[in-house]
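Asker: got a predicted model here, sequence first, then my questions.
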Amino acid sequence: MSDFSAAPGIVALAAAAAALISLIWLLVLSIRFRRVRGAQRLVLGEYGQTDLVAHASELQQAFEVLHGRVEEVARQLTERMAAAEDRLDGAIAYRSLVRYDAYGEMSGHQSTTIALLDADHNGVVLSSIAHRDTARLYCKQINAGQGEHQLSPEEVEAVRLALAGGEVQSVILESG
């Protein structure tokens with residue numbers, strides 16, 4: 001029987017303890033390594049490559065392709081938005097309707113002036129002058145809120161009302 005209290009026995013016990021500690025440490029490191037490999041598989045995919053640098057490089061390339069596509073779509077949207085704004089600027093933005101009695105008769109305010117203007121205050125004024133047995137239609141061009149030809153007071157009022165609100169205005173003027 002050997003005695004573990006002698007020097008060779010103490011060395012043997014110390015070696016056994018060191019081996020046991022090394023075995024426990026190996027198990028702990030093995031568990032940690034499995035967790036790292038699991039996280040790596042999650043990032044790289046089940047059958048993906050094992051090189052993180054190559055994977056990061058592929059991700060960067062994919063991001064650059066995506067960024068280029070987003071920039072292209074943004075440019076196209078900007079062009080389309082500019083074209084839509086140009087079309088909208090030419091659409092009717094300001095309008096009004098003024099009804100009045102052009103001849104001072106009790107005809108129920110059958111004469112009408114309509115102002116139709118775009119965002120730049122360009123457009124037309126249409127005046128329909130109604131009399132008992134006739135009706136006449138006049139059209140005058142408007143540029144920057146001013147008539148190319150002299151406007152009647154009703155036409156001036158229609159342009160003023162249109163530019164004042166930008167929504168449909170309907171006013172009945174009393175002849176004076």
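Answerer: Yep, that arrived. Numbering: from 1, shown residues only.
Asker: phi first, then psi, for Ala93.
Answerer: In this entry, Ala93 is assigned phi and psi values of phi -110, psi -30 (degrees, to the nearest 10).
Asker: for Leu163, see how far away it is.
Answerer: Distance of Ala93 to Leu163, computed by CB to CB, to the nearest Å: 10 Å. For every residue, glycine as well, the C-beta is placed using N, CA and C.
Asker: what's the overlap in contacts for these two?
Answerer: Taking CB atoms under 8 Å, 6 or more residues apart in numbering as the contact criterion, the residues that touch both Ala93 and Leu163 are Leu117.
Asker: quick one: what helix or strand has Ala115 in it?
Answerer: strand 111-117 (DSSP states H and E).
Asker: what's the domain layout of this structure?
Answerer: Domain assignment for the chain, taken from automatic domain parsing, gives 1-50, 51-89, 94-173.
Asker: the helix or strand following the strand holding Ala115 to strand 111-117, inter-axis angle?
Answerer: The helix or strand immediately downstream of strand 111-117 is strand 123-130, counting by DSSP H and E. Angle of strand 123-130 versus strand 111-117, following axes from the mean of the first three to the mean of the last three CA atoms, to 10 degrees, is 170 degrees.
Asker: buried ones in the next helix or strand after strand 123-130?
Answerer: Elements were assigned by DSSP H and E; along the chain past strand 123-130, the next helix or strand is strand 135-143. If you call a residue buried by 16 or more other CB atoms under 10 Å, then strand 135-143 has these buried ones: Lys140, Ile142.
Asker: name the helices or strands packed onto the next helix or strand after strand 135-143?
Answerer: Sequence-wise, the next helix or strand downstream of strand 135-143 (DSSP H and E) is strand 146-147. The criterion is 3 or more CB pairs under 8 Å, 6 or more residues apart in numbering; DSSP states H and E, and there are no helices or strands that strand 146-147 contacts.
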